[in-house]
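Visitor: This is a predicted model, with the sequence first.
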Amino acid sequence: MELVLVSLCLLTFTGKTFGDKPDQTPITIKEDENVILPCSFSTSLTDKRIDWKKDGEDVFLYEMGEVNPSSQDEQFKGRISHFPDEVKSGNASITIKQAKVSDSGTYTCLYLNQGQTLPSGTHQIVLTVGEYFYRTLKD
Ligand SMILES: *[C@@H]1O[C@H](CO)[C@@H](O)[C@H](O)[C@H]1NC(C)=O
């Protein structure tokens, strides 16, 4: 339990390094469920870069109108999908298939304009996948 609290503090802290404090949406689900991590911006994203990270790991990258899986972390391979038809209306949401306890953490969704290195918009999702609760209750 202590470990969980410590890592939550760290996550909160790293979230702040983005400057403006991003919106945070908490989501709690059970293990093995599919979960949509919602993220949308009020601009078309077809010509932008969409970047999802979890605590520094690469979750999902979309650039030049295509998904780029080259730097995706092993843990997420084959388990992430997005909504290609919705990208033009600013919807950068992704789905994680069969969430695992180890998927829990803070996800950052951001978009960048071509040639820029600073995000033009950022959202965060704090995902908790079931088992933590059961563990806490049993301990
Ligand atoms: C994004 O698109 C998906 C699939 O159509 C939908 O379920 C979700 O509600 C949309 N999210 C937003 C924020 O519009």
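Guide: Cool, the structure landed. Model, not experiment: these values are computed from the prediction.

Visitor: Asn34 against Ala99, yeah?
Guide: Yes. With contacts defined as C-beta atoms under 8 Å, Asn34 counts as touching Ala99 at a distance of 7.2 Å. In this view, the C-beta of every residue, glycine as well, is placed from N, C-alpha and C.

Visitor: If you count surrounding residues, which of those two has more?
Guide: Using other C-beta atoms under 10 Å as the criterion, Asn34 and Ala99 rank with Ala99 on top: 23 against 12.

Visitor: Apart from its chain neighbours, what residue comes closest to the more buried one?
Guide: Val129 (4.7 Å; C-beta to C-beta, 6 or more residues apart in numbering).

Visitor: Help me confirm that that neighbour comes into contact with Lys30.
Guide: Yes. Using C-beta under 8 Å, Val129 is in contact with Lys30, at 7.4 Å.

Visitor: Compare those two (neighbour count), which wins?
Guide: Set Val129 next to Lys30 and count neighbours by other C-beta under 10 Å: Val129 wins out with 22 against 12.

Visitor: now the strands for the protein?
Guide: 23-29, 35-37, 49-54, 57-63, 66-67, 80-82, 94-96, 105-112, 121-129 (DSSP state E).
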